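Sharing a model that was predicted from the sequence below.
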Amino acid sequence: MRRRPVIGDGTRATPGPPWPASGPAAQQPEWATHPAYESSCAALVSSPALVTPGELTRLRRTLAVVAGGGAAMLQLGDCAESFEESDADQVRAKTAVLHALADEVANGIGRPVLRVGRIGGQFAKPRSRPLEEIDGTLLPVFRGHMVNGEAATSEARAHDPRRMVRAYEASAQVLRVLARERGQRAQRTQRAQGFDVGPWASHDALVVDYEARLVRSEAGQRFLGSTHLPWLGDRTRAPGSAHVRLLSTVANPVALKLGPSTEPAELREVCALLDPERDPGRLTLIVRMGAERVAGLLPPLVAAVQDAGHRVVWLSDPMHGNTVRAAGVKTRHLDDIVDEATRCKRVLEQAKEHPGGLHLEVAASDVTECLGGKVDGVDRLAERYTTLCDPRLNPDQAAELMRAWIQA
Ligand code: PEP
Ligand code: CO
């Protein structure tokens, strides 16, 4: 890891303890007694931020346009990124899919589409169980490359804080590619000052040890240096959590996943903490209820947010509430995904809210992880099932979803 001076340049200034993240934190790695814990945290503290305050301002301005209905947004990528897939060619293959799908939506709706990847830091996963049994052996579950390895051995599955440093380095490599693409786009379209479509980075800000040590400040403003748009998953968005406290102190736009257990009162509370100024574009709410439940569960949540005066971006994640098991693996039916996305859009329109777009797990290659389109039976799932975690749409399946969503 490169060590840089930490004074003089604001983006390299260190916040110093105490970290702005007190409170209970669910889903954390168990590594505090590892011999490399302190040195790994220290390496993060002395590393430069991966994003700039100027980028965050541009993204927030753009999100405000989406919140106001002047544009749409697509946020997509892997469920879990791999350390082995962060070179420039691999990243460009992923952003090419993001751009192709976003261009399709932009043509369909006649408005610009903001592009955000689940990329450049999506290395940590919340899991429903701490252990799993594989061939008769009980092992810690895979929690993303920031925490452990996916191989089914106890060595690979041990939590290793040195992986935070590798996650930082892989993220830095990916974010450099995104920055170059944004620069090229701005030059081509001469719109550097206007609606900046991206591609921007986002990830689940799950591992507090990592995120809190990448908080930086510049000109009196505190920001999270690990990504442009951090989100909190359905399991870590409780109002009193360390995660919410951390994100309430930074200038980045932030997103929250809303699952079926979300209560209107709790949503009001967390929105008030994260968006006290009622700033359009500060908050993105990602609805992931399941196709059968979204029409019933979403209306009171939308009403609560409207009533409290927040101007948010509403996205549908039609994947995480529709996971099933088939042929021994996790999968999802494209039909269910289309149903949830279109029902969510209808609820939002009925409530006079702008359906801001979609949050999806999509692979850059022709994987066979979800059922639908050419993946026409469970016996085909094994053909190219390569995800590290949840089943992703392939680009053809994602395009079919996009067309259905545009027309709904
Ligand atoms: C995810 O986005 O991969 C995820 C785990 O989502 P959620 O927090 O909504 O379950
Ligand atoms: Co997932």
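Cool, got the structure. Ligands and ions are numbered 1, 2, ... in the order given.

Which residues of this structure lie near ligand 2?
Neighbours of ligand 2 within the chain, by CB under 5 Å from the ion: 79, 390. All C-beta spots, glycine's among them, are computed from the backbone N, C-alpha and C.

distance of the closest residue to residue 161 other than its chain neighbours from ligand 1?
Nearest residue to residue 161 in three dimensions, chain neighbours excluded: residue 40, at 4.1 Å (CB to CB, 6 or more residues apart in numbering). If you measure residue 40 against ligand 1 using CB to the nearest ligand atom, to the nearest Å, the figure is 24 Å.

Kindly report the same for residue 31.
On the measure of CB to the nearest ligand atom, residue 31 and ligand 1 end up 20 Å apart.

what do you get for residue 69?
Residue 69 is 25 Å from ligand 1, by CB to the nearest ligand atom.

count of residues packed around that residue?
Residue 69: 12 surrounding residues under other CB atoms under 10 Å.

Surely it and residue 352 touch.
No - taking contacts as CB atoms under 8 Å, residue 69 lies outside contact range of residue 352: 10.1 Å.

Against residue 175, how distant is residue 149?
According to CB to CB, to the nearest Å, residue 149 and residue 175 sit 23 Å apart.

Might you name the residue of the stretch 151-300 of the chain sitting closest to ligand 1?
The nearest approach of the stretch 151-300 of the chain to ligand 1 comes at residue 233, 2.6 Å away (CB to the nearest ligand atom).

distance of that residue from residue 373?
Distance, residue 233 to residue 373, by CB to CB: 28 Å.

quick one: which of the two has more around it?
residue 233 (22 against 16).

Tell me the pLDDT of the residue nearest to residue 161.
If you check residue 40, the pLDDT there is 98.

do the same with residue 21
Looking at residue 21, its pLDDT stands at 70.

That one: what secondary structure?
Of the three states, residue 21 takes coil under DSSP: H, G, I helix; E, B strand; the rest coil.

That one contacts residue 248, doesn't it?
No - with contacts counted by CB under 8 Å, residue 21 stays clear of residue 248, the gap being 10.1 Å.

Could you check how far residue 97 is from residue 264?
For residue 97 relative to residue 264 (CB to CB), the value is 36 Å.

more crowded one of these two?
Comparing residue 97 with residue 264 by other CB under 10 Å, the one with more neighbours is residue 97, at 21 against 17.

and the more buried one, what does it touch?
Counting by CB atoms under 8 Å, 6 or more residues apart in numbering, residue 97 makes contact with 76, 362-364, 395, 398.

count of neighbours near residue 293?
The burial count for residue 293: 14, using other CB under 10 Å.

wait, isn't it in contact with residue 260?
Yes - contact criterion CB under 8 Å: residue 293 and residue 260 qualify, at 5.5 Å.

joint contacts of the two?
Contacts common to residue 293 and residue 260, judged by CB under 8 Å, 6+ apart, are residue 321.

Now do the SS call for the residue positioned nearest the centre of the chain.
Geometric centre of the chain, nearest residue: residue 203, 3.5 Å, by CA atoms, centre = their mean. On the three-state scheme (three-state DSSP), residue 203 is labelled strand.

what's it in contact with, if anything?
If you count contacts by CB under 8 Å, 6+ apart, then residue 203 has 81, 118-124, 226-227, 230-231 around it.

Could you report the distance from it to ligand 2?
Noted for residue 203: a distance of 12 Å to ligand 2, by CB to the ion, to the nearest Å.

Show me the beta-bridge partners of that residue.
Legend: beta-bridge partners of residue 203 under DSSP bridges are residue 230.

Which residues outside stretch 372-391 are in contact with it?
78-82, 125, 142, 144-145, 150, 319-320, 323, 326-327, 329-335, 337, 361, 363, 365-371, 394, 396-397, 400.

Show the buried residues in those.
With burial judged by 16 or more other CB atoms under 10 Å, the buried subset of those is 78-82, 125, 142, 144-145, 319-320, 330-334, 337, 361, 363, 367-371, 394, 397, 400.

Shouldn't residue 280 be within a strand?
No - looking at residue 280 with three-state DSSP, it is coil, so not inside a strand.

what ranges do the strands span in the stretch 1-150 of the chain?
Counting by DSSP state E, counting those that start in this stretch, the stretch 1-150 of the chain has strands at residues 72-77, 113-118, 131-134, 137-140.
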